[in-house]
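[1] Let me see the structure of the following:
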Amino acid sequence: MPDRYLYTFLDVFTITGPLILSFDKKVAFYKDWKGLLPSLAIVSLFYLIWDVWFTDTGIWEFNYRYLLGPKLFNLPLEEYGFFLVVPYACLFIYRVWQSYFPKWEIPNDLSYSVLVTTSVVITLLNLDKTYTAVTFGLISISMLGYRLIPKIWKELKKNWSHLFTAWLISIIPMLYVNGQLTIKPVLIYNNMENLGIRIFSIPVEDFFYNFLYMLWMIPLFEYFNKRKTKRL
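    So this is what the prediction gives:
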């Protein structure tokens with residue numbers, strides 16, 4: 001495969017399995033489009049703005065050897081595809097786990113507290129590293145904010161076991177997809193702006209960047225799905 005098709009291949013690879021398996025009768029993910037579309041659109045729009053900002057300020061850059069070439073707002077077209085296929089795949093993992101293991105429980109308070117505490121500490125110790133501070137800072141603000149709003153906290157707590165587990169499961173395909181993006185590399189990071197800690201070739205921030213995506217998207221997904229149910 002020519003180098004310039006690599007990112008396109010990774011986008012297609014990411015979406016193929018979840019898209020085909022969306023018609024599994026137990027999951028029936030294809031029926032959740034009224035929750036999927038707005039939650040994906042809202043969060044992906046924010047992430048694309050974030051991506052443009054980081055690209056323009058040199059937090060990371062793209063290696064056009066592995067890209068088709070066209071770009072919009074300084075982002076390659078494949079990057080827009082990434083922000084469609086990855087959230088779709090992550091939501092799919094969440095719905096699969098929720099459908100097959102509806103009574104799944106983990107120590108919610110413990111995992112939540114550890115993650116909040118860790119995020120706050122990392123943020124405060126690394127305010128000079130933009131990627132680190134923004135990622136862990138937004139996780140800290142989001143999780144503490146959810147906790148302070150009873151209605152949102154109640155819903156999040158109900159879905160936390162599935163959300164957290166889905167994120168852990170998503171790390172498995174992420175090791176391949178992001179591994180390819182970072183080992184070539186398709187995406188080149190300014191290591192002055194991150195912790196410099198990598199799992200294989202992937203900056204550790206990437207895993208929490210993905211967690212934040214799910215932390216925002218899944219509550220929205222559940223909210224829009226409930227609105228759909230009420231209307232029915």
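[2] C-alpha only now, for contacts and for neighbours.
    Noted.
[3] What residues sit buried inside the helix or strand containing Phe54?
    In this structure, Phe54 sits in helix 33-56 according to DSSP states H and E. Buried residues in helix 33-56, counted by 16 or more other Cα atoms under 10 Å: 35-36, 39-40, 43-44, 48, 51-52, 54-55.
[4] ditto for stretch 145-158
    Result for stretch 145-158 [16+ other Cα under 10 Å]: buried residues 146-147, 153, 156-157.
[5] Would you reformat those residues as CSV and include pLDDT?
    Putting these into CSV (pLDDT from 0 to 100) gives the following:
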residue, pLDDT
Tyr146, 92
Arg147, 88
Trp153, 88
Leu156, 89
Lys157, 90
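[6] just the residues you listed now: which is nearest Phe92?
    Closest approach to Phe92 among the buried residues of stretch 145-158 (Cα to Cα): Leu156, at 17.6 Å.
[7] Spit out the contact partners of that closest one.
    Leu156 makes contacts with 146, 219, as judged by Cα atoms under 8 Å, 6 or more residues apart in numbering.
[8] how about it, secondary structure?
    Under the three-state scheme (DSSP: H, G, I helix; E, B strand; the rest coil), Leu156 adopts helix.
[9] how near is it to Leu148?
    Between Leu156 and Leu148 the distance is 12 Å, computed by Cα to Cα, to the nearest Å.
[10] go on, Ala41?
    26 Å.
[11] same deal with Ser113?
    Distance from Ser113 to Leu148, by Cα to Cα: 14 Å.
[12] Same question for Val121.
    For Val121, the distance to Leu148 - Cα to Cα - is 19 Å.
[13] What of Leu138?
    Per Cα to Cα, Leu138 is found 15 Å from Leu148.
[14] Same check on Ala133?
    The spacing between Ala133 and Leu148, counted by Cα to Cα, is 22 Å.
[15] hang on, the earlier thing: for the buried residues of stretch 145-158, give me a markdown table that also has distance to Met217.
    Shown next, in a markdown table, are the buried residues of stretch 145-158 (distance: Cα to Cα, whole Å):
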| residue | distance to Met217 |
| --- | --- |
| Tyr146 | 13 |
| Arg147 | 17 |
| Trp153 | 15 |
| Leu156 | 11 |
| Lys157 | 15 |
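[16] Among those, find me the one that's closest to Phe13.
    Using Cα to Cα, Leu156 comes nearest to Phe13 of the buried residues of stretch 145-158, at 30.4 Å.
[17] Residues touching stretch 9-22, excluding its own?
    If you take Cα under 8 Å, 6+ apart as the criterion, stretch 9-22 is touched by 28-30, 78, 81-82, 85-86, 88-89, 92, 177.
[18] residues of that stretch that come out buried?
    Across stretch 9-22, burial judged by 16+ other Cα under 10 Å covers 10-11, 14-15, 18, 22.
[19] from those, which two are the most distant?
    Farthest pair in the buried residues of stretch 9-22 (Cα to Cα) is Leu10 and Ser22. Separation: 19.0 Å.
[20] lowest-pLDDT helix or strand in the chain?
    Ranking every helix and strand in the chain by mean pLDDT, DSSP states H and E puts helix 204-231 at the bottom, with a mean of 88.
[21] In that one, which residues are buried?
    Neighbour-count burial for helix 204-231 [16+ other Cα under 10 Å]: 204-225.
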